[in-house]
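In: Output the structure for:
(4 chains)
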Number of protein chains: 4
Amino acid sequence: MSNSYGTLFRITTFGESHGTGVGVVLDGCPAGLEVSVEEIQSALNRRRPGQSALTTPRNEADQVEILSGIFEGKTLGTPIALLVRNQDAASKDYSHLQHAFRPSHADYTYAAKYGHRDHRGGGRSSARETLARVAAGAIAAKLLAQKNIKVTAYVSQVGPIKLRKNYRQLNLAKIESNAVRCPDGKTAARMISLIEETRDKHDSVGGVISCVVQGVPVGLGEPVFDKLHAELGKAMLSINAVKGFDYGSGFEGVSMFGSQHNDIFYQDEAGNVQTRTNHSGGIQGGISNGQDIYLRVAFKPVATILQTQTSIDDQGNTIVLEGKGRHDPCVLPRAVPIVEAMAALVLADFMLRAEVSKL
Amino acid sequence: MSNSYGTLFRITTFGESHGTGVGVVLDGCPAGLEVSVEEIQSALNRRRPGQSALTTPRNEADQVEILSGIFEGKTLGTPIALLVRNQDAASKDYSHLQHAFRPSHADYTYAAKYGHRDHRGGGRSSARETLARVAAGAIAAKLLAQKNIKVTAYVSQVGPIKLRKNYRQLNLAKIESNAVRCPDGKTAARMISLIEETRDKHDSVGGVISCVVQGVPVGLGEPVFDKLHAELGKAMLSINAVKGFDYGSGFEGVSMFGSQHNDIFYQDEAGNVQTRTNHSGGIQGGISNGQDIYLRVAFKPVATILQTQTSIDDQGNTIVLEGKGRHDPCVLPRAVPIVEAMAALVLADFMLRAEVSKL
Amino acid sequence: MSNSYGTLFRITTFGESHGTGVGVVLDGCPAGLEVSVEEIQSALNRRRPGQSALTTPRNEADQVEILSGIFEGKTLGTPIALLVRNQDAASKDYSHLQHAFRPSHADYTYAAKYGHRDHRGGGRSSARETLARVAAGAIAAKLLAQKNIKVTAYVSQVGPIKLRKNYRQLNLAKIESNAVRCPDGKTAARMISLIEETRDKHDSVGGVISCVVQGVPVGLGEPVFDKLHAELGKAMLSINAVKGFDYGSGFEGVSMFGSQHNDIFYQDEAGNVQTRTNHSGGIQGGISNGQDIYLRVAFKPVATILQTQTSIDDQGNTIVLEGKGRHDPCVLPRAVPIVEAMAALVLADFMLRAEVSKL
Amino acid sequence: MSNSYGTLFRITTFGESHGTGVGVVLDGCPAGLEVSVEEIQSALNRRRPGQSALTTPRNEADQVEILSGIFEGKTLGTPIALLVRNQDAASKDYSHLQHAFRPSHADYTYAAKYGHRDHRGGGRSSARETLARVAAGAIAAKLLAQKNIKVTAYVSQVGPIKLRKNYRQLNLAKIESNAVRCPDGKTAARMISLIEETRDKHDSVGGVISCVVQGVPVGLGEPVFDKLHAELGKAMLSINAVKGFDYGSGFEGVSMFGSQHNDIFYQDEAGNVQTRTNHSGGIQGGISNGQDIYLRVAFKPVATILQTQTSIDDQGNTIVLEGKGRHDPCVLPRAVPIVEAMAALVLADFMLRAEVSKL
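Out: Numbers count the residues shown, from 1 in each chain, chains lettered A, B, ... in the order given. Predicted coordinates for the structure are as follows:
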C-alpha cells in the first residue's frame, strides 16, 4: 500500500529493476489535457543512464509505451498507464547476490520484512523505480503549465563543493549547459572534477539539489497535516538516497530572530500582495502565498561503490563483496528531473484539491 | 481533507484556537490497550503554556475529556475521541485582527483560500491544534511501549547555540531537568539565557529539536512512497513553524564519500544483525533495520513578536500592528512533546502496517 | 479505520450508545456555506426516539453542540465537529448483558473481533451511531440545496404491506403527515396498524424505504469502482439492519428484455437531453444522466424484541434472555432521515469530486 | 480516483476496451504467496468471450502477462502488475459511433463529464475492464485458499426463469457442467432456451447471480461504514449492468417478524458457536459470524441489442442506430467469475484488515 502517491492526482508505480518492466498508473488527471508520448520520453531521457560521462555507462533506452488513458493526443480522464520494459535483465548472473546483504542497501531490510525478495540488483528498492515518477511527472508538468506554474531544479552542492549563490542570482536557463546540471559554470567545473576523481577512486559522493517553483497561485496546500511543504518534504524524502529536506530559510533560519525572519507584506503597484523578503519560502500556514517556493534536498553518497567491502549473508556469515558492475559515482545530475517530477506531482495534486476549498 | 494523518492508526483533529475546543478522533487503535485519562493529561501538561518562566504566561488548564473508545480503562477498537475545551476565548477583543494580515502568519493565505476565516488568533492555523496530536500521541506511545519502542526528543539548538554532542554522548534522562529540555546542563543554561534575552527584547528565536527512537524492530516502514523517514519527515514538517528535517547523516552526510558513509553489517554475539556505524539513521530502503532512528527538526523563530510591525489589511491598505498579548519567545521547549507525539504516531501506524507484509 | 466515509466530503463518526456521547467530524466541507445549529438540530429531531407513538418511548433530547468549523453562521473550510451527549447512560444496570450474546445482535461478533467490548446496549454497533450521520447529513443537504438537488425518502413497505405506487404517483409533500412517513394515507394507516399489532405482540417488523433524488446535474459519480449507485449502495448497506439495495429497475428489471429496458434519448424543447423512460434510475455507466435517481433500501425486522429467547453466553453456556427495555417495533419511520442523510452525504461528495474531472 | 478498490489489498485497474490493453496493479498482497500465470489465465478463460454458444462469438485470447511483483512463483510483497493486450482494435471502423449516444450506455454521461472520450466501443465503461478484476481476483482467491475460504457463484435467474432452490439444496460442483453456469440441470436447460430465443430475437435479457462464501472465520468486516456486506454490496454494484444487491434474508426478509428472523445461537459439539438459522447471511453488525455468507446480484438486460433504435447525437439531433456487431444476449454466465472475483477481493482485504483489530 505504499506504492501510491497523491490524493486527487494520484500515481501508483510498479516494477522491479530486473523484472519485466517498470511502470505507473496515473489516476485523477483531468480530461482534455494535451500530452504526447514524445513529451514523456523527453523527460525520461533526462533521467536516463549513459547520457554523459558522469553517469553510469549502462545504456538503457527506457522507451515508454502508453497503455491507456490518452486518446488522439488528449487525456480521457481515465487512468493513464505507462510502461517501460527492462532490457537484458535476464542475461546476467546475479547468483553472487542471492544471499548477500550489501552495506547500506535495502537487501537486509527487504529480506527481513518480506522473506521472499528479488535479489537481482535492487529489485523494487532500485532507483530505477523513479523513472515511473519522471514519466508521470511529465504529465503533471503539463497540467501545471496550463496555469503557468514552472518547476526548476539544479545541483547546488556536490560533496563539499557548494554553490554559494541563491536561485535569484543564477541564470536557470544554463542548468542543462553542463553535465552536472549546475547553472554556475565555475562551480559546475569543480563539481565535475570531484565526481571524476570520485569515479576514479571507485567511490561515490553525495550532494544537494535545490528546487524552485515559480508562478504558484495563492492558496495551494492544505492546512494541518497536508501542508504544502510537508507533502513536498515527503515527496522528496521518498526519493532513493535522500536524507534531508528544508525549504525557505530552512536549517539556516533557526539562528535568526523573528524580527529578522518575518516577511513584511505590502501591496505592489499592480494591486498584488507581496512580501519584502521571502524567508517563508512561498508558504505560510502550509499554503502558498504567491511568492516563489524554494527548497533543498540532501542526497547521501550512494551505497554502490566499486570497492571491496565486508558484509554478511542471510545466514549471518561474514562475506567479502567485490565491487563490480557499472554505477553512477554521483547520482545528483540524474536526480534533477526526479526532484522536478516529485515537485510537479505534489503541485498538481494540490492544484486539484484547491478547487473544492470554498463555494 | 487535510485534517487526518495515518493509514491504519489514523487521527483526525479539529478545532480552532478561539472556538469551543480542540480535539481528536483516533481511529484504528487496536482493542485491549490500557489507557488512562491521566496518561493523556500528563502528556498534555508537558505541552501546556505557563509551565515555566520560558513559556507564555498564559495559563490554560487544557483538561482533556475522553468522549468515546475507552471502556473500563482499555481501548475498545472503536474510535477514541478526545476533547479539550478552550477557555475564555469569548472574553477578549480581537476586532483589531479582523482585517489584518500579520506578517509570516497564515492570515493572508487562509483568507485567500477560504474567504471566510476565524480571525480570533490563529484559528485553525494556531499551534493550539497540536494539543490534539499530543493527546493522540500519548496513546500511540502506549502502543509502542508494548513492543519496547521508546521515543525521546530534546532541544539541541536555540538560535546559534548548538549542542555539539550526539544522543549517544548525552544522558537523556536529564531532558526534563531544565526548562529548555536540553539534556546538557551547560548548553541548557546558555540556551535559557538567550531565550530570556530574546523575550526581554520582545523578539523570538528558532532552534532545532533532535529525536531518537530506540527499540525499533526490523521491518517498519514501507518501500517507495511511504518510507519510514518520508513519513517522519512529513509528520515533523506538518508541525507549525517547522522549516526542515533530516535524519541519520542528514545534510552533513552529503560531504562524505560512500566508502565512509556505508554502514558495514556484522552479526553480534547474540546472533543479531548490527551495523558498525549508523549513518543510515536506522533506516535502509525506507525500512527500519533495528538500529536507533535519529532525526532533527528545524523550527523558525515564531512569527508573533511583541514589536511594532507594518503590514497590510484585507483591502491592501498599509497598517501598523502593535505587538501585544503573551507569547513564547521560543517554542522549542514546548515543541519537544509535539515532536515525540508525531514520531510515536508514525511508528504506531507502521507497526500496524507491518502486520500484513508477508504470509 | 472503518469509521470514516466519503472521499472529499468526509465524515468520521465516534461514540458508543452508552458512553459519554456520539459525534462526528466532517472534513472537506467548502468554506462559506451557511449552516445553523438549528438546522442540524431539526434534522436530528426527525430521527429522535419518542417522537410518536410508533417509536420507542425513550425520550432523549439529543441536543447537538457545534465544537468547531462554523464561525458566525458559516463554514470555515476547517473540520466541523458535532457532539451529542448521551443521557442517563450511567444510571442503568446492564450487568445481565455483560456476558450474553443476544440473537442477531453484534455482541458475539464484536466480542470475537475485539475481545474487549462495551456491553451496555449496542455500544458502537447501536443505531445510535446514526445520529452522527444525520447531523452531518444536514450540512450535506445544505450544500446540495445550493445546486437545487433535493433528497426525499419515505416508507414504501412495512412487513408485507407494500405501497404499490411509484414516487411519481405520490405527493411527496405528505410524507411527514403521518407517523409512519408513508405519503399515501391509506397505506400509511395499514402500516401503522401492523406496527401497533407488532408492538403489542412484543415483536418487530421490517420494511422498505424508497428514496428519490431530484435536480441532480449530469456528471456526478465516478466510473468503475466508485459508481454513483455503488456508493449509494454501500452508504445504505452501512445503515444498521439494512439487508438489500436496488435502484432504477432493480431486482424487478432482471425479467425485462433489453428492448424494453433501454431508455431512449431525446432532446426536449429546452434543448436538454432527456430519456423516454428511466429504468436506468438516473445513472448510466455509474454517472448521473440528469434524470431522477430512485432507489430502495430493505430493512430486516430489528433484533431487539420484548420476548423471551434462548441464546449463549461468552463461555458457550445456554442462557435465557428476557425481553425488557423500550424499543422500536419498526425502525422504518425513524430511518427515513438516516436514508436521506446517507444519500445527501454521497451526493455532496460526488458534487465536489466532479469539480476536477476535466480542464 | 475511482479506479482503485480495497484498503489494504488494493487494486487499480486501467485500460480502454479498444485501446492498447487492459490491466491491473495489485498493491498490498503479502509476500510469499504462490501464484502462477496459469492460475490467473485460467480465471480469465472463464470470463472470456467465445467460450460457448451462449456468449458473443468474438474470440479474444485475453492472454495475461505478469509485469511485476511475482518472482520465482511467489509474490514479493511489491505491486503485482498484470496486462492483457487488446486485439484487432485498430482494424475496425467506429466512425458511426463518434457522435452517437447509444441508449442506456455510458456514451452520453462520459461525454458530459469528460468532454473528450474514446468512442470506439465502450472505452473505459466497457465490461472489458472487468477482466482486470478477474485477474486480480485469482490472486485474492489464492490468499483466501490459505485460510480455506471458498467463494462460489452461479446463475440463479435468467429473465423470469428462477431457480427455486437455495445453495444448500444444490450441488455446487455442477456449476461448470452447463453453459449457463446454473447448478440445477433442468433450470439450466430452460435458461439456455430463453437465452437462445433472446439471441434469435436480437434482444438481451437480465438475471440474478447468487454467491456463497464458505469457511469464513469469525471477525472479518469492520463496523460502521465498512461493514462486510456494505463492501460486498459496493463491489457487486460496481460491476457493469448490476442494479441490485441483497444478502441473507434480503428483500424477502422484510416481511418477516423479528421473532422469526432472529438467528438463535448455540454451541455445537466441537465447541463452536453456531446459529440455528442463518437469516443474517453470515454477517452480524457488519462482521462475519462464521456462518456461510450468501448474497444475490441483479443484472439488467444489457443495453447492446442487435435491433434498430432511435437516439440522439452529441448535437441533439435524432439519429437511427442499427444493431450490429457481436454481443452477448445474456451476460450472466460470463459474469459468474466476475462476481466471484469481487467477493474474493473484498474478503482478502478484510482478512488483512482483521490482523490489526486487537492486541
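In: show me where pLDDT drops low in chain A?
Out: Along chain A, segments meeting pLDDT under 70 span A:1, A:56-60, A:88-91.
In: which bits of it sit near chain C?
Out: For chain A, the contact set with chain C under Cβ under 8 Å from any Cβ of the partner chain comprises A:8, A:28, A:30-33, A:77-78, A:146, A:223, A:352, A:355-359. In this view, the C-beta of every residue, glycine as well, is placed from N, C-alpha and C.
In: For the residues you listed, which single residue is the most surrounded?
Out: Counting neighbours by other Cβ atoms under 10 Å in any protein chain shown, the top entry in these is residue A:78, with 30 neighbours.
In: dump the residue contacts of it.
Out: A:68-69, C:223, D:3, D:14, D:16, D:123-124 (Cβ atoms under 8 Å, 6 or more residues apart in numbering or on different chains).
In: Point out the ones among the residues of chain A next to chain C that are inside helices.
Out: residue A:352 (DSSP state H).
In: Which one of the residues of chain A next to chain C is nearest to residue B:142?
Out: Checking these against residue B:142 with Cβ to Cβ, the nearest one is residue A:223 at 28.0 Å.
In: The closest one and residue C:82, how far apart?
Out: Residue A:223 sits 20 Å away from residue C:82, going by Cβ to Cβ, to the nearest Å.
In: about what we covered before: could I get the contacts of residue A:78 as JSON lines with secondary structure and distance to chain B?
Out: Listed next are these as JSON lines, based on DSSP: H, G, I helix; E, B strand; the rest coil; distance: Cβ to the nearest Cβ, whole Å:
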{"residue": "A:68", "secondary structure": "strand", "distance to chain B": "22"}
{"residue": "A:69", "secondary structure": "coil", "distance to chain B": "20"}
{"residue": "C:223", "secondary structure": "coil", "distance to chain B": "21"}
{"residue": "D:3", "secondary structure": "coil", "distance to chain B": "18"}
{"residue": "D:14", "secondary structure": "strand", "distance to chain B": "18"}
{"residue": "D:16", "secondary structure": "coil", "distance to chain B": "27"}
{"residue": "D:123", "secondary structure": "helix", "distance to chain B": "29"}
{"residue": "D:124", "secondary structure": "helix", "distance to chain B": "25"}
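In: Tell me the one of those residues nearest residue C:151?
Out: Using Cβ to Cβ, the contacts of residue A:78 come closest to residue C:151 at residue C:223, 22.9 Å.
In: That closest one: what's it in contact with?
Out: A:78, C:285-287, D:2-3, D:106, D:110, D:124-125.
In: Just these: which are in strands?
Out: residue C:287 (DSSP state E).
In: and of the contacts of residue C:223, the nearest to residue D:345?
Out: residue D:3 (13.9 Å).
In: neighbours of that closest one, just the number please.
Out: 30.
In: check contacts around it.
Out: Residues in contact with residue D:3 (Cβ under 8 Å, 6+ apart) are A:25, A:27, A:78-79, C:223-225, D:12-14.
In: Please apply the same query to residue A:180.
Out: Residue A:180 touches A:54, A:155, A:158, A:188, A:191-192, A:195, A:332-333, counting by Cβ under 8 Å, 6+ apart.
In: can you do 10 Å?
Out: Taking Cβ atoms under 10 Å, 6 or more residues apart in numbering or on different chains as the criterion, residue A:180 is in contact with A:52, A:54, A:154-155, A:158, A:161, A:187-195, A:207, A:330, A:332-333, A:336.
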